[in-house]
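Visitor: Mind folding the following:
(chains A and B)
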Amino acid sequence: MKRLAKRIELLFRRKRFAADLDDEMSFHREQAAKDLIANGMTPQEARTTAGREFGNATLLKEQSHEVVGFSFESVVQDIRYALRQLAMNPGFTAVITLTLALSIGANSAIFSVIDGVLLKPLPYPHSERIVRLFLSGPEYPKFPLNPFDFRDFRERSKSFESLAAYSRGDMQLSGTGEAVRLSAFGITSGYFHVLGLKPELGREFERANEIPGNGQQVILSDRLWRTRFNAAPDIVGRKITLDMKPYTVIGVMPAGTDHPGNDYNAVPYGESVDVWWPFTFAGDPAHRGSHYIEGIGRLKAGVKPEQAYAEMNAIMAQLGREHEGDKGWNVLVIPLYSEIVGANERMLWVLLGAVGMVLLIACANAANLLLARASSRQREVAVRLALGAPKRRLIRQMLTESLLISLLGGGLGALLAEGGVRALILLLPAGFPRAHEIHVNGAVFAFTFLVSVVTGILFGLAPAMQASRTDPKRGLYEGGRTTTGSARQRGLRNALVVSEVSLACVLLIGAGLMLRSFLNQLNLDSGFRQDHVLTASLSLPETNYKSEAGVAHFYDQLLMDLSRAPGVQSAGAGSDLPWTGYDENLGGFTIEGKRPPPHQEFHARYHMATVDYFRALGTPLLHGRFFTEADKQGAPNVLIINQSMATSYWPGEDVVGKRITFSDTPKEKDWLTIVGVVGDVKDKPSSPHAAPAFWWSHLQQPNSDMSIVIRANTDPRLLADALRDEVKRLDPTLAVANVRLMDEVADESFSTPRFAFSLVGLFAGLAIVLAAIGTYGVISYSVSQRLPEFGLRLALGAPPRDVLRMVLGQAARLAVGGAAIGLVVALTLARVLRSMIYDVSPADPVTFVSVVTLVIAIALLACYLPARRAAKANPMEALRAD
Amino acid sequence: MAKKPDLLPGTLDMLILKTLTRAPLHGYGVALSIKRLSDDVLTVEEGSLYPALQRLLLAGWVKAEWKMTETRRRARFYTLTAAGRKQLGNELAEFDQMIAAIGRVLRSAEA
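Guide: Numbering: from 1, shown residues only, chains lettered A, B, ... in the order given. Model prediction:
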């Protein structure tokens, strides 16, 4: 205790302490000299002898100081010294700090995305116990459940604390301001219990609500309650108008109630749902063919998903014996976490890997710059070593310098990350899971700090070791003149450049593969023309449009008026639009004169389309005709099919005039005749696949929910108001929803590959710039060392071209070496990308060859300036520089 | 120059404390005193003397004070404290024990 107090006292009286020590020591020397003189030495001799006997005063002081000083005091010394060093070389400091700031900032930004999306637990209590349930069969690898199957699961399974199901069914809210379409889900009882959430007002649905007729109740989201009902505290028990029918509010869910995401008519994960209505089990429990609800369950504590999987499949096998329609299905049990982030997990880790490589390159660069500087500081180091400074202390001091630089870079990087994350969130693909959970938080700062420290040690260690190995004698003899550096040092610097180039090469190859894949996707023929198309969706409430004829008449009227509006080329409507997550499927129809393969059935996606739907979308007609006004109720039933359906079921035949039926005992009127074949619209913009599909004439099979498609002569955006006005004129209670350009819809589905490609591309660009700086640094350093040699060569008659070639040759050797290593590494790593790239081999020769060429070209370009300096070396000047 | 025997490790502090039992001394005086008392056998390396003095100061076994020497020169004089005297006693006891033990071993080896 006392000792500590003394030390602290000494800390504040450091100067005094040093002066005392000085005094004391000089007194010692004087006394010794005096005694020697008394013994008969000359004063001169005596002083020298005394001095020698006394030893190294500087070292002595350092040692005495170490006894009394805090160890952190010497750290403070080191930091001061390092700051002085850095301030003396502002250019050097700026280059290293900025490159580090950029790469550390990029790392932190990507890490904050990973932290928010992958590392943070989902916002449900014990979310690791929540699983999703799907069916899986040979034709449909991931399929929704049948409601009665779900009910049997719930009765028979023992793995779950609770099991629930949900299905999308949007609703229109009216009666409070302008009519709006709400994102809505039908849910069974226990749904919120599975999620571990409780209503902030009221209660959740009970089993009784699942009985048909008891379902006129609704739970609101906090957002809807606040925006449309002014957060009325007496909302529970009030009646509101949904789809023109009265519903009683029984509860309000708190803010932050995140939708767990769904597959069928997908709504992304997040606070994306406005209301929940009770799902009711209507119909005949013996019919198991219809699949449209999705299962979600909370496992009992201690039950593993694998156990639940085994149990559910045993139950499914049992159901298969009880019901014909339940044969041949497996049950998938997928943890909710993998279901939500699974698809993006690999991409995010790949991005972190890429940005980590950039940081490694920046490290190599910093190490190289420090090495170059270390050799010009050789004299300083030699002097300190000669004075007896311990190597340990020298290494520590050099590391202090590099740590200071990296922490400075890290600090700047954290600022950059703040901005970077905001930009990243804007860039994120549409519907990216958990985007709202991405923040620069404590974890990100801790990560940044850690990365900075590791970085500093990484790039500081080699130069520090190098410096501590300096031979004091050589360092002093060679004096102020910088030396060529030992072969070992040159080797180290070359190795650093080679690794920089190889890492840049790997990143460029990754970016190249992604670019190729992206271009392949862009160039895919989507099967329709996305430009100049405005889309919107409408839903006619059953209460006001009871008859099919009423529905048909409304759309007929609307489209007729719209097609007359100025700027409209054609206007149609379909039960759905390409690429919007729709995948209604119909199986089990009969094709006249054909039999399905054993244990399989004919199946196709089904849609409804109005007369001008295909014209408005720009889908080409391949055979036959489009629908006409004559294809209405009473007329012979007609179908249009796509190319894929034609080739699947009538290979090599002329299909126009062929018939199918959905009835098991068809009468003549039950047959539908194919009147046209249209081109395939790809299922997804990023895949060449198109499933078999057919369209009913909307006039014969009216659908109350339709998507409007308007092809414009001009900017389609201008037609949005015309559409709203037209709808309002026909029915002022209707809400027009999802007004978007087809371009935007298409664009969204490209956003994931584009996101990955642009980021990897950005990192690759950064990498190659850094590698070029590194190569430039090493070559220009070596040129400045060899300038006298070049001068001599020129003086002896070597043509400047040869000198130029010599330098470029040196650069080329480094670049080729780096590129070769990069190539091998990329070949090994590219397999990771396989699932992320489309229609490109991970060993794509075009990419590999062009990247290697590019890298070598850039390296040579970076060395052109130093090479020219070498070729212009003046022998006299070069020699005089000694 | 013949090499002088090294100090036994750990004995320097004890020697310094011992020289200070008679009167306060400055650093040079301590070195001189050890040399003289050991008939020139023991030489304190100045390189170890001053760090050792700092250590003793810090431990509170000696105090330091700037005073004038007989030759009117300013010097730092070190004085033994009570704690230092106690410490010296402990060290001497330990040292005697050790020397006796070493002696016993050596004698038994002779016999």
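
Visitor: List the contacts of the residue nearest in space to the middle of chain A.
Guide: What sits nearest the mean C-alpha location of chain A, by CA atoms, centre = their mean, is A:Leu348, with 4.6 Å. By CB atoms under 8 Å, 6 or more residues apart in numbering or on different chains, A:Leu348 lies in contact with A:Ile110, A:Val113, A:Ile114, A:Val117, A:Leu118. From N, CA and C alone the C-beta is placed, and that goes for glycine too.

Visitor: from the residues you listed, which are also near chain B?
Guide: Near chain B, judged by CB under 8 Å from any CB of the partner chain, there are no entries from these.

Visitor: Output the helix or strand where A:Arg724 lies in PDB with nothing but the alpha carbons.
Guide: If you go by DSSP states H and E, A:Arg724 is part of helix A:719-730. This file holds the C-alpha atoms of helix A:719-730, laid out as PDB (Å, rounded to 0.1, in the frame of the first residue of the first chain):
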ATOM      1  CA  LEU A 719     -51.400   5.800 -65.300                       C
ATOM      2  CA  ALA A 720     -51.500   5.100 -61.600                       C
ATOM      3  CA  ASP A 721     -53.900   7.900 -61.000                       C
ATOM      4  CA  ALA A 722     -56.100   7.000 -64.000                       C
ATOM      5  CA  LEU A 723     -56.400   3.500 -62.500                       C
ATOM      6  CA  ARG A 724     -57.300   4.800 -59.000                       C
ATOM      7  CA  ASP A 725     -59.900   7.200 -60.500                       C
ATOM      8  CA  GLU A 726     -61.400   4.500 -62.700                       C
ATOM      9  CA  VAL A 727     -61.800   2.100 -59.700                       C
ATOM     10  CA  LYS A 728     -63.200   4.800 -57.500                       C
ATOM     11  CA  ARG A 729     -65.800   5.700 -60.200                       C
ATOM     12  CA  LEU A 730     -67.000   2.100 -60.400                       C
END
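
Visitor: quick one: buried residues of the lowest-mean-pLDDT helix or strand in chain B?
Guide: None of the helices or strands of chain B scores lower by mean pLDDT, DSSP states H and E than helix B:46-59, at a mean of 82. Buried residues in helix B:46-59, counted by 16 or more other CB atoms under 10 Å in any protein chain shown: B:46-47, B:49-59.

Visitor: sorry, back to before: export the contacts of A:Leu348 to JSON lines and append columns for distance to A:Pro685 and neighbour count.
Guide: Written out in JSON lines, the entries for the contacts of A:Leu348 read as follows (distance: CB to CB, whole Å; neighbours: other CB atoms under 10 Å in any protein chain shown):
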{"residue": "A:Ile110", "distance to A:Pro685": "26", "neighbour count": "24"}
{"residue": "A:Val113", "distance to A:Pro685": "24", "neighbour count": "25"}
{"residue": "A:Ile114", "distance to A:Pro685": "27", "neighbour count": "18"}
{"residue": "A:Val117", "distance to A:Pro685": "23", "neighbour count": "20"}
{"residue": "A:Leu118", "distance to A:Pro685": "26", "neighbour count": "16"}
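
Visitor: ok, these vs A:Val760, which is closest?
Guide: Nearest to A:Val760 out of those is A:Ile110 (CB to CB; 10.9 Å).

Visitor: Looks to me like the closest one is in a helix.
Guide: Yes - the assignment for A:Ile110 (DSSP: H, G, I helix; E, B strand; the rest coil) places it in a helix.

Visitor: shouldn't it be in contact with A:Val350?
Guide: No - contact criterion CB atoms under 8 Å: A:Ile110 and A:Val350 do not qualify, at 10.1 Å.

Visitor: anything in contact with each of those two?
Guide: Between them, A:Ile110 and A:Val350 share no contacting residue, judged by CB under 8 Å, 6+ apart.

Visitor: picking up where we left off before, just the ones of the contacts of A:Leu348 in helices?
Guide: Residues from these lying in helices, with DSSP state H as the criterion: A:Ile110, A:Val113, A:Ile114.

Visitor: thinking again about what came up before, how far does the helix holding A:Arg724 sit from its chain's centre?
Guide: On the basis of CA atoms, centre = their mean, to the nearest Å, helix A:719-730 is displaced by 39 Å from the centre of the chain it belongs to.

Visitor: hmm, who's touching it?
Guide: Residues outside helix A:719-730 that contact it (CB under 8 Å, 6+ apart) are A:534, A:536, A:538, A:554, A:557-558, A:561-562, A:565, A:567-568, A:708, A:710, A:712, A:734, A:736, A:739.

Visitor: What about the residues you listed, which are in helices?
Guide: Counting by DSSP H, the part of the contacts of helix A:719-730 found in helices is A:Phe554, A:Gln557, A:Leu558, A:Asp561, A:Leu562.

Visitor: ok so, going back, kindly reformat the ones in helices among the contacts of A:Leu348 as TSV containing distance to A:Thr590 and pLDDT.
Guide: Compiled in TSV, those are given as follows (distance: CB to CB, whole Å; pLDDT from 0 to 100):
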residue	distance to A:Thr590	pLDDT
A:Ile110	54	89
A:Val113	51	88
A:Ile114	52	88
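
Visitor: which among those gets closest to A:Val678?
Guide: A:Val113 (41.1 Å).

Visitor: Could you report the neighbour count for residue 100?
Guide: By default, I'm working from chain A. A:Leu100: 28 surrounding residues under other CB atoms under 10 Å in any protein chain shown.

Visitor: that's the other chain; I wanted chain B
Guide: Counted with other CB under 10 Å, B:Ala100 comes out at 10.

Visitor: Look at A:Ala862 and say how many residues are nearby.
Guide: A:Ala862: 24 neighbours (other CB under 10 Å).

Visitor: show me the contacts for A:Gly411.
Guide: A:Ala101, A:Ser452.

Visitor: cutoff 10 Å now
Guide: A:Thr97, A:Ala101, A:Ile104, A:Gly105, A:Thr448, A:Phe449, A:Ser452 (CB atoms under 10 Å, 6 or more residues apart in numbering or on different chains).

Visitor: Can you name the helix or strand that the first one falls in?
Guide: Going back to what we said before, that points to A:Thr97. helix A:90-114.

Visitor: so how far is the helix or strand following that helix from its chain's centroid?
Guide: Going down the chain from helix A:90-114, the next helix or strand is strand A:130-136, by DSSP H and E. Put simply, strand A:130-136 sits 25 Å off its chain's centre (CA atoms, centre = their mean).

Visitor: elements contacting strand A:130-136?
Guide: Counting contacts by 3 or more CB pairs under 10 Å, 6 or more residues apart in numbering or on different chains; DSSP states H and E, strand A:130-136 packs against helix A:147-156, strand A:160-168, helix A:191-195, strand A:294-299, helix A:305-322, strand A:330-335, helix A:336-376.

Visitor: can you pull the pLDDT of A:Gly388?
Guide: If you check A:Gly388, the pLDDT there is 69.

Visitor: again, but for A:Ile8
Guide: For A:Ile8, the predicted pLDDT is 65.

Visitor: where along chain B do the helices fall?
Guide: With DSSP H as the criterion, chain B has helices spanning B:12-19, B:27-37, B:46-59, B:82-110.

Visitor: comparing these, which gets the lowest mean pLDDT score?
Guide: helix B:46-59 (a mean of 82).

Visitor: Tell me if that one is near chain A.
Guide: Yes - applying CB under 10 Å from any CB of the partner chain, one finds helix B:46-59 touching chain A at B:46-59.
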